[in-house]
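Peer 1: sequence first, then the predicted structure:
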Amino acid sequence: MIGTLLLLAGCSAYRVEQGVFHSSKGYRVTLPGEGWRVEPDGRADLTLARAAAPGAMLADATCDGRAAGRPLRLLSRHLVFGLVHRTVVDESRVELAGRAGVRTVTRGQRDGVDVEVEAVVVKDERCVYDFLYVAPVAAFPDGQPAFRAFVGSFGVREP
């Protein structure tokens, strides 16, 4: 269920040093603490799964130039394609590493399971950076602090 929601594509080289994921696309995030494991799914730059409870998060960047020209709200909606009976619970503007973005929390169903999704999209002139956390509604609050810390650690290597 969670794997099918993670529809982003993007293969990139990366390294992890002292708990920090460094993408060849020029960004970094600190891995969440204990209870999360890296999943080799290949569809996103980084996919993480919760060990003790259902839930997953990802980080991905698209640096093709075209995506950065699209509106943030449209980019955010793309992250929840596949959810049915969607309801936006919250939406707010954010700024990460000096880049404008939007944070959206959505409830819906995927494969008959009620899930909650938090999506954060930020962009600059070069890339769109996507962060996604999804879990069944009852388990969602438990992983949300780790996701927010994960997103808050985002940084970009300036050219």
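Peer 2: Now that the structure is in, tell me what you want to look at. Numbers count the residues shown, from 1 in each chain.
Peer 1: averaged pLDDT, the longest helix along the chain. What do you get?
Peer 2: When the chain is scanned for its longest helix (criterion: DSSP state H), the result is helix 140-152. The average pLDDT within helix 140-152 is 96.
Peer 1: list the contacts of the helix or strand following it.
Peer 2: Where DSSP states H and E defines the elements, the next helix or strand beyond helix 140-152 is strand 155-156. With C-beta atoms under 8 Å, 6 or more residues apart in numbering as the test, strand 155-156 has contacts from Gly26, Tyr27, Arg28, Val29, Ala97, Arg99, Asp124. All C-beta spots, glycine's among them, are computed from the backbone N, C-alpha and C.
Peer 1: those residues: which two are farthest apart?
Peer 2: Val29 and Asp124 (15.7 Å; C-beta to C-beta).
Peer 1: sorry, back to before: filter the contacts of strand 155-156 down to just the buried residues.
Peer 2: If you count burial by 16 or more other C-beta atoms under 10 Å, the buried members of these come out as Gly26, Tyr27, Arg28, Val29, Ala97, Arg99.
Peer 1: which single one of the residues you listed is nearest to Val20?
Peer 2: Nearest member of those to Val20, counting by C-beta to C-beta, is Arg28, at 5.5 Å.
Peer 1: check which helix or strand covers that closest one.
Peer 2: Using DSSP H and E, the element containing Arg28 is strand 27-30.
Peer 1: out of the helices and strands in the protein, which is least certain?
Peer 2: Ranked by mean pLDDT, DSSP states H and E, the weakest helix or strand in the chain is helix 2-5, scoring a mean of 40.
Peer 1: end-to-end on stretch 34-54?
Peer 2: 15 Å (C-alpha to C-alpha, to the nearest Å).
Peer 1: now do stretch 73-91
Peer 2: Stretch 73-91 has an end-to-end distance of 9 Å (C-alpha to C-alpha).
Peer 1: again, but for stretch 103-120
Peer 2: The straight-line separation of the ends of stretch 103-120 (C-alpha to C-alpha) is 4 Å.
Peer 1: before we move on, what about stretch 37-56?
Peer 2: 9 Å.
Peer 1: buried sites along that stretch?
Peer 2: Residues of stretch 37-56 classed as buried by neighbour count (16+ other C-beta under 10 Å): Glu39, Ala44, Asp45, Leu46, Thr47, Leu48, Ala49, Arg50, Pro54, Gly55, Ala56.
Peer 1: again, but for stretch 121-133
Peer 2: Val121, Val122, Lys123, Cys127, Val128, Tyr129, Asp130, Phe131, Leu132, Tyr133.
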